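**Student:** Got a sequence here, can you model it:
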Amino acid sequence: MCIRDSQGQIDVVKFDMLPQFAASAGYKHLSQFPGSTSLAISDRETGPTELGEDPSYTVSSERNQRTGEYGFTWNALDFGLSYVRAGQQADRYLISKELERKAVQNLTREIIYAYWKTISADYLLDQINPLMQKVNSALEDMEYIETLLLSSPMDALLYQKELLDVAQILDTQQRALMDARVELAGLMGLLPDEKYVLVHTAQPLTELRMDLKRQEETALFSRPELLEIRYQAEVTAKEARASMLSLFPSLQFNATWTYDSNKYLLNKDNTEYGAVFGANLLNIFQAGNINDVNKINEKLIEEQRLAISMTVLSQVHIANINYAQTLREYSNAKHYLNVAQRINDLISNAQKISRFGELELIREEASLL
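**Tutor:** Modelled structure (predicted):
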């Protein structure tokens, strides 16, 4: 929407630089002849003499007339201002492009995150559901054992409590994963209940291979926020030029061709052209204030640019710290998963020969998930 609007505004401003061309045509009918007379002024102080009893009237216009007029005007000051405004609108168009690029970046990042979350959710939910069934089955067996008094009441209750703790953990994980597909569908513009199949990728995210200095340079050069403030600085500079141009005198050129069908006229058509020069002398007193305001605006834009630059550099440094920490966490998670898998295999094998109970197996399977 912003890009289309900005492009349309550029086209509108470009037309403002063209001369104004106007055409008009009309028809006039009078019910009576527009007769008139005139009196001579014999004395400048007393004015004209009184109108006599039988004055003589003359006619210089027909009762039916057709008129037409074609002309154009061009203001040199308006042309200069329109030229500056067109440059401003072009910069605003570039700003809208940067806003679009920023939105695409954010959407891409969200979709990547939602994709991996959905892949993980599909994988884990396929394992949580069978484990939940195993927990429910173990709970039913223990309740039955408690009813038959085959175990002490305290042991039976503690056993059930541990199973319920595991069930609660599984429910929490399941709740956190169930919305992943709906979130991804929303980001892709699909209906919440629309079915889709995710294709698993064999290549994960690209590993970052760039030193800190190059990251800073890349961020300062290509971040949409910084490019946006640069274009905004151009808009402010052009606004300063436009405000100063508005103080200049205006020079307007015009040319008009007129036609009148009145037969009493000596020349029914006529051509008029000329130029008008005008200026508001009070603008001289505004020049200083306008110049001060322009300097303040430019300084404000510069301060904003510095603030955004520092924010971007801080984000780069924080992101590097988080990235390094995440790599360490990922390495520890892989190690933890390997150990948990081996423990789970040992307990699973031992449980087959009844060296471990079912509760230990369920607990380790939940830990592995």
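
**Student:** For the closest residue to residue 122 other than its chain neighbours, grab the count of nearby residues.
**Tutor:** The shortest distance from residue 122 to any residue other than its chain neighbours is 7.1 Å, reached at residue 198 (C-beta to C-beta, 6 or more residues apart in numbering). Glycine gets a C-beta too; all of them are placed from N, C-alpha and C. Using other C-beta atoms under 10 Å, residue 198 has 11 neighbouring residues.

**Student:** which residues sit in contact with residue 198?
**Tutor:** With C-beta atoms under 8 Å, 6 or more residues apart in numbering as the criterion, the residues that contact residue 198 are 115, 118-119, 122.

**Student:** surely residue 232 meets residue 300?
**Tutor:** No: contact status for residue 232 versus residue 300: not in contact, 10.3 Å apart, counting by C-beta atoms under 8 Å.

**Student:** all helices for this structure, in order.
**Tutor:** Assignment of helices within the chain using DSSP state H yields the ranges 2-16, 76-147, 153-178, 180-187, 212-222, 224-245, 287-352, 358-368.

**Student:** Nearest to the spatial middle of this structure, which residue is it?
**Tutor:** Compute the mean C-alpha point of the chain, and by C-alpha atoms, centre = their mean the closest residue is residue 99, 5.0 Å away.

**Student:** Residue 232 and residue 300: which is more packed in?
**Tutor:** The neighbour comparison of residue 232 against residue 300 (other C-beta under 10 Å) goes to residue 232, with 18 against 11.

**Student:** distance of that one from residue 87?
**Tutor:** In this view, residue 232 and residue 87 are 13 Å apart by C-beta to C-beta, to the nearest Å.

**Student:** Residue 22: neighbouring residues, count only.
**Tutor:** The burial metric for residue 22, expressed as a neighbour count using other C-beta under 10 Å, is 10.

**Student:** Once you drop chain neighbours, what's closest to it?
**Tutor:** Setting aside the residues directly before and after it, residue 22 is nearest to residue 71 in space (C-beta to C-beta, 6+ apart), at 5.9 Å.

**Student:** wouldn't that neighbour be in contact with residue 256 here?
**Tutor:** Yes: under the contact definition of C-beta under 8 Å, residue 71 touches residue 256, with a separation of 3.2 Å.

**Student:** Give the residues shared as contacts by those two.
**Tutor:** Among the neighbours of residue 71, those also in contact with residue 256 (C-beta under 8 Å, 6+ apart) are residue 272.

**Student:** who has more neighbours, those two?
**Tutor:** The residue with more neighbours, out of residue 71 and residue 256 and counting by other C-beta under 10 Å, is residue 71; that gives 18 against 15.

**Student:** quick one, what contacts that one?
**Tutor:** Neighbouring residues of residue 71 by C-beta under 8 Å, 6+ apart: 21-22, 254-257, 272.

**Student:** cutoff 10 Å now
**Tutor:** Shown in contact with residue 71 (C-beta atoms under 10 Å, 6 or more residues apart in numbering): 19-24, 254-258, 271-273.

**Student:** List the ones among these that fall in strands.
**Tutor:** Cross-referencing these with the strands (criterion: DSSP state E) gives 20-24, 254-258, 271-273 as the overlap.

**Student:** related to what we said a few turns ago, now restrict the contacts of residue 71 to buried residues only.
**Tutor:** Of the members of the contacts of residue 71, the ones counted as buried by neighbours, 16 or more other C-beta atoms under 10 Å, are 254-255, 258.

**Student:** so what's residue 43 scoring on pLDDT?
**Tutor:** Here the pLDDT value assigned to residue 43 is 63.

**Student:** With distance to residue 343 added, can I get the buried ones among the contacts of residue 71 in a markdown table?
**Tutor:** Supplementary listing: the buried ones among the contacts of residue 71 in a markdown table, determined by distance: C-beta to C-beta, whole Å:
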| residue | distance to residue 343 |
| --- | --- |
| 254 | 94 |
| 255 | 96 |
| 258 | 102 |
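
**Student:** Quick one: the residues you listed as TSV, columns for pLDDT and distance to residue 293 too.
**Tutor:** Written out in TSV, the entries for these read as follows (pLDDT from 0 to 100; distance: C-beta to C-beta, whole Å):
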residue	pLDDT	distance to residue 293
254	89	34
255	91	38
258	91	45
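
**Student:** Show me which of those is closest to residue 59.
**Tutor:** Minimum distance to residue 59 across the buried ones among the contacts of residue 71 is 20.9 Å, recorded for residue 258 (C-beta to C-beta).

**Student:** shaky segments in the stretch 201-350 of the chain?
**Tutor:** In the predicted model, the stretch 201-350 of the chain carries pLDDT under 70 at residues 204-205.

**Student:** let's go with 50 and repeat that
**Tutor:** Low-confidence segments of the stretch 201-350 of the chain (pLDDT under 50): none present.

**Student:** just to revisit the earlier point, please check the contacts of residue 198 and keep the buried ones.
**Tutor:** 115, 118-119.

**Student:** hmm, back to that, select, out of the helices of the chain, the one closest to residue 277.
**Tutor:** The minimum distance between residue 277 and those falls on helix 76-147, with 9.8 Å, by C-beta to C-beta.

**Student:** Now do the closest one: distance to the chain's middle.
**Tutor:** When C-alpha coordinates are averaged (C-alpha atoms, centre = their mean, to the nearest Å), helix 76-147 and its chain have centres 17 Å apart.

**Student:** For that helix, what does the pLDDT average out to?
**Tutor:** Helix 76-147 shows a mean pLDDT of 85.

**Student:** And the ones in strands among the contacts of residue 71, which is closest to residue 210?
**Tutor:** When the ones in strands among the contacts of residue 71 are ranked by distance to residue 210 (C-beta to C-beta), residue 20 comes first, at 56.1 Å.
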